[in-house]
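Chemist: What follows is a predicted protein model with its sequence.
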Amino acid sequence: MSVLDASDAAMLAMAARAAAGRAYAPYSGFHVGAALMFADGAIVQAANVENASYGLSLCAEASAVAKAMNEGRRGGLVAVAIAGGRPDAEGNAVPGPEPVMPCGRCRQMLHELAALGGTDPEVIGVADGGLARIMLSALLPHAFGPANLG
Ligand code: THU
């Protein structure tokens, strides 16, 4: 199932790639960007932020969720694109053959923001051969969320 039309999906993928250019990932060398699209058309971008204490590193998607929520957003999440890879000579992340899909923690963080607005966002992973598109509910079935806390 797809939510975005092909041109919006391509645009959001480009936004994720642009965000990856701002990654701070000196330890893994793996630069990731995420772009969240909201129902009002806004796009919130972020990249991974690593730390010399490696385990403290923040994924691009987690950074984007935190950024959006600090801008006051609570729901309205329509889609998220993720692009990652090792940087080329110009510092642009080069996607590999497998799309980057959100890690487990990030799936949960995306679910929280989505659940606040009752949406099931489309997740778009960027690979060198194209885009992989899947709904968040398929990546995180039977998710635990705000509704479980009554
Ligand atoms: N990373 C992300 O930013 N998002 C993902 O979905 C997977 C992994 C980051 C974390 C770390 O900075 C680097 O990629 C290597 O794992």
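Modeler: Cool, got the structure. Numbers count the residues shown, from 1 in each chain.

Chemist: And the pLDDT at M1?
Modeler: In this model, M1 is scored at 64, pLDDT.

Chemist: now do the one 4 residues further on
Modeler: D5 is assigned a pLDDT of 96 by the prediction.

Chemist: hey, which helix or strand in the protein has the poorest pLDDT?
Modeler: strand 93-95 (a mean of 95; mean pLDDT, DSSP states H and E).

Chemist: which is the next helix or strand following that strand?
Modeler: Using DSSP states H and E, the next helix or strand after strand 93-95 towards the C-terminus is helix 104-117.

Chemist: now that following helix, how far from the centre of its chain.
Modeler: Helix 104-117 sits 11 Å away from the centroid of its parent chain (CA atoms, centre = their mean, to the nearest Å).

Chemist: Check stretch 138-150 too.
Modeler: Worked out by CA atoms, centre = their mean, stretch 138-150 lies 18 Å from the chain centre.

Chemist: May I see the buried residues of that stretch?
Modeler: L139, L140, A143 (16 or more other CB atoms under 10 Å). (Glycine included, C-beta is placed from N, CA and C.)

Chemist: list the contacts for the first one?
Modeler: Shown in contact with L139 (CB atoms under 8 Å, 6 or more residues apart in numbering): M101, P102, R107, V123.
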